[in-house]
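>>> What shape does this take:
(chains A and B)
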Number of protein chains: 2
Amino acid sequence: MPTASLLVVGTEMLDPARADRNGPLARERLAGIGIPLSQIVRVEDREEAIAAAVSSALASSEVVIASGGLGPTGDDLTREGAARSLGRGVVPDEEWLAALSRRLEERGRPITEAGRRQALVVEGAEAVPNPAGLACGSWIESGGRVLVLLPGVSAEFAAMLDGFVLPRLRERFPSRPSVRTIRAIAAGLPEVTAEPALAPWYRRQGVAVSILPESGVLRITVTIASPPAEDAAALEAEARADLERGLGRHLVSLDGASLAERLGEELLARGWSVAVAESCTGGRAAHRLVSVPGASRWFLGGVVAYSNEAKSEILGVSPGLIAGHGAVSEPVALAMARGARDRFGASCGIGITGIAGPEGGTAEKPVGLVHLAAVVPGEESARRLVYGADRASVIELASNYALYALWSLVRGRIPA
Amino acid sequence: MPTASLLVVGTEMLDPARADRNGPLARERLAGIGIPLSQIVRVEDREEAIAAAVSSALASSEVVIASGGLGPTGDDLTREGAARSLGRGVVPDEEWLAALSRRLEERGRPITEAGRRQALVVEGAEAVPNPAGLACGSWIESGGRVLVLLPGVSAEFAAMLDGFVLPRLRERFPSRPSVRTIRAIAAGLPEVTAEPALAPWYRRQGVAVSILPESGVLRITVTIASPPAEDAAALEAEARADLERGLGRHLVSLDGASLAERLGEELLARGWSVAVAESCTGGRAAHRLVSVPGASRWFLGGVVAYSNEAKSEILGVSPGLIAGHGAVSEPVALAMARGARDRFGASCGIGITGIAGPEGGTAEKPVGLVHLAAVVPGEESARRLVYGADRASVIELASNYALYALWSLVRGRIPA
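Numbering: from 1, shown residues only, chains lettered A, B, ... in the order given. Now for the predicted structure:
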């Protein structure tokens, strides 16, 4: 069974705390075609270091995918490092160079010497076309192994992986196991609560489970590889049933659809629309909704009301309510949700008010306190949460929870 | 100059989304004694894979620190993998074994066969005492290089790193360099345009440069290690001057401060405030501003006006203007910026209107078209941009550019 190594090139990636945006996608996609990951290497932008990492990865895996270091500048050295490892040179891919020059000329910017570097490939490589950027990749076969160089920019990496690399790998390694993948999304529950639903699956033959918590949303992936698993179809059905039973009303989707996407679908199915009023999340909840393609069919708008005046003047929250309960309170969250709904003429509303920190907390209303409200025709809900997290995390968590609260209410359920 | 590699051992670490808890500590501590990290390798719990990773790390770094895989169970194979890489065996450290047996007996639990594994070291190694757990580590010198095996449990890793490994490394490598780091942020220019300012620095002795583009913002890091660099203080001053001269009005900070942070400081210095009107970016620009701690001192609020009605009713954009120029146009972007300013009673405003896609484009107004406007007391600016990117990237790029446009205007400059 072929295995893969990932090389993540970039001196900035030597900060172990820095997230690798491409790795999770590559891992999931490779597992999906039966090529599991066996090694991940982060290496600095230095030609010798890249060459050494490429050699070592090629010695231990049939497939090596490198991301990063294909840009125009002098610290983009992945091509040179890979070439050195293979004892080859780097050469321009004439076809990509011509296309690149044309594209830049059309924008009135003749290609520069640095820009030409983006058309370089390892000698003997096939250029991997980049539909989302300027640098082509390299597909290199050597000693029965495959080395692929892709850009680090996530949109480009993803487009080239899906559009070129995976189809080629399928052809190149025809005897891979068949793999079934379930991508579940769950919301409104902590990782530890989701675990019992998955525990029995951790040690099943041929089954791999991963749970990735992302600001209150769980991304659960179950892959079933056959062989070694027997009767993968039955196993998959069993796993889906277990996820449905175990995650219950927290299960957003079994097909990877996001909470915002599912909320949009539920609204659309009822002919409903939504508007958002936010203070501490500062537009993040609206941004999550707008990130769904076609959101204009059910999202009408939002207000970021940071000051009490804005809450009153734009959202119509009564100054007396704010004076009586404080800006961070359940009545104000509800009034904000209703205000956003009415202001934009929507059917539903979301209200979020809280203290994201690091300052502004009191003993009674600590940093991390958030009141969230959701209103739909005929029903309202409100929830008080206290997050023990930093400012950025409170914003991420609270905006996700607000979407979860509205999604639950729209489906006729009070969020827990 | 000695460099270090980190080996992170554990099949669960092949999920690239999984955080490495020990890496950031090790990186910081090693940098602090002048031993920069040059590679991070995550490898599965398999003896051959660990052996290959150890060999390759020892070939490229003077110091290799492995974490994980020292426990009692059969899938804890770091000792065996390291031993195989060096052509040695594993042997019990009699002193640690005796101490371990005593400790367990005192708790009324005689040591088991599995438990004894925790006293194993690589042949010829010195046992690294573990003040917080049961497994000792291994300190191995071979061919002028140092290989250290530490447990993955964070409290144990940290105690053994600080208590044993760092003092030893200081002794072992007395002539380590001192390191100076410049973290620059630049905005409103592509990576290729920043390159000339940095080109002379790529090949200077002791200097390392990295440029990381993040949605229209460049994160530039220059590190100067002395030795090999001579007179690091003068070099640092020269590099700062070069960055200032070369990046000019695009240089946001030389201390890592973000565009939003700098914008907030500039506003505060003038006693100004800002409000934001967004359509296609859906709240992302407001969210970027609110992400700055203390933003409430200069950020008053925002409106996400997705529909024409919202643009007119909430922001006061004249319906005739929208009918005449279209919602995605320079006059509407300017009217939105002014509308947000006036609605919230702010000194400054941002207006963003565009077509993030994937649908809604026409030949005249394609997907990716964004009109951005910034208004400050006494001056206004507008800019038309066409991004060749997906929905999520258009939102990221345009929201950053809007911040850059306002920051430039606030400082008395028209953004280019």
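>>> make it CA atoms for all contacts and neighbour counts henceforth
Noted.
>>> Phi, psi for A:Ala155 please.
phi -60, psi -40 (degrees, to the nearest 10).
>>> Can you give me the distance of it to chain B?
8 Å (Cα to the nearest Cα, to the nearest Å).
>>> What strand or helix carries the nearest residue to that residue once chain neighbours are set aside?
Closest residue to A:Ala155 apart from its sequence neighbours, by Cα to Cα, 6 or more residues apart in numbering or on different chains: A:Ala132 at 6.8 Å. Using DSSP states H and E, no element contains A:Ala132; it sits outside every helix and strand.
>>> burial of A:Ala132, as a residue count?
18 (other Cα atoms under 10 Å in any protein chain shown).
>>> which residues does it contact?
A:155-156, A:159, B:388-389 (Cα atoms under 8 Å, 6 or more residues apart in numbering or on different chains).
>>> so where's the stretch 101-250 of chain A uncertain?
Within the stretch 101-250 of chain A, not a single segment meets pLDDT under 70.
>>> Mind doing that once more with 90?
In the prediction, the stretch 101-250 of chain A carries residues with pLDDT under 90 at positions A:103-110, A:113-114, A:154, A:174-181, A:189-215, A:219-232.
>>> tell me the strands in it, going along the chain?
Secondary structure of the stretch 101-250 of chain A by DSSP state E, counting those that start in this stretch: the strands cover A:120-122, A:126-128, A:137-142, A:145-150, A:178-187, A:207-214, A:217-226.
>>> Dump those strands to CSV, plus distance to B:Arg183 and mean neighbour count.
Below are the strands of the stretch 101-250 of chain A laid out as CSV (distance: least, Cα to Cα, whole Å; neighbours: other Cα atoms under 10 Å in any protein chain shown):
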stretch, distance to B:Arg183, mean neighbour count
strand A:120-122, 29, 27
strand A:126-128, 33, 21
strand A:137-142, 29, 20
strand A:145-150, 26, 22
strand A:178-187, 37, 22
strand A:207-214, 28, 18
strand A:217-226, 33, 22
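>>> Quick check: can you list the domain ranges of chain A?
Following the assignment in automatic domain parsing, chain A carries domains at A:4-172, A:178-253, A:259-410.
>>> Which one of those lies nearest to B:Leu70?
Closest approach to B:Leu70 among the domains of chain A (Cα to Cα): domain A:4-172, 18.8 Å.
>>> for stretch A:388-399, which positions count as buried?
A:391-399 (16 or more other Cα atoms under 10 Å in any protein chain shown).
>>> so does it get close to chain B?
Yes. Legend: contact between stretch A:388-399 and chain B by Cα under 8 Å from any Cα of the partner chain is shown at A:391-392.
>>> Run the chain-centre distance for that stretch.
With Cα atoms, centre = their mean, to the nearest Å as the basis, stretch A:388-399 stands 17 Å off its chain's centre.
>>> Please save the CA atoms from that stretch in CSV.
Provided in CSV are the C-alpha atoms of stretch A:388-399 (Å, rounded to 0.1, in the frame of the first residue of the first chain):
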residue,chain,number,x,y,z
GLY,A,388,-12.6,31.1,29.3
ALA,A,389,-10.7,32.1,26.2
ASP,A,390,-8.8,35.1,24.6
ARG,A,391,-10.5,37.8,22.6
ALA,A,392,-10.1,36.2,19.2
SER,A,393,-11.4,32.9,20.5
VAL,A,394,-14.4,34.4,22.2
ILE,A,395,-15.3,36.0,18.8
GLU,A,396,-14.9,32.7,17.0
LEU,A,397,-16.8,30.7,19.6
ALA,A,398,-19.7,33.1,20.2
SER,A,399,-20.3,33.7,16.4
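>>> Any chance you could list what contacts that stretch?
A:215-216, A:280-282, A:284-285, A:288, A:352, A:356-358, A:368, A:370, A:372, A:387, B:291, B:293.
>>> Using ChimeraX, define a selection of the buried residues within those residues.
Here is the ChimeraX command that selects the buried residues among the contacts of stretch A:388-399 (16+ other Cα under 10 Å):
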select /A:215,216,280,281,282,284,285,288,352,356,357,368,370,372,387 /B:291,293
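>>> Filter the contacts of stretch A:388-399 down to the ones in helices?
Residues of the contacts of stretch A:388-399 located in helices (DSSP state H): A:284-285, A:288.
>>> Contacting chain B as well, which ones from those residues?
A:284-285.
>>> Just the angle for the helix of greatest length in chain A relative to strand A:178-187, thanks.
For chain A, the longest helix by residue count, based on DSSP H, is helix A:391-410. In terms of direction (axes from the mean of the first three to the mean of the last three Cα atoms, to 10 degrees), helix A:391-410 departs from strand A:178-187 by 90 degrees.
>>> what's the angle from helix A:391-410 to strand A:207-214?
Using the same axes, to 10 degrees: helix A:391-410 against strand A:207-214 is 110 degrees.
>>> starting at the chain centroid, how far to helix A:391-410?
16 Å.
>>> between it and strand A:217-226, how big is the angle?
Using the same axes, to 10 degrees: helix A:391-410 against strand A:217-226 is 80 degrees.
>>> mind listing the helices for the stretch 1-150 of chain A?
Taking DSSP state H, counting those that start in this stretch as the criterion, the stretch 1-150 of chain A carries its helices at A:23-32, A:47-60, A:78-86, A:94-106, A:113-116.
>>> and the third one, anywhere near chain B?
When you say that, I think you mean helix A:78-86. No. Against chain B, helix A:78-86 shows no contacts by Cα under 8 Å from any Cα, the least distance being 13.2 Å.
>>> swap in the fourth one?
No. Contact between helix A:94-106 and chain B is absent, the nearest approach being 11.6 Å (criterion: Cα under 8 Å from any Cα).
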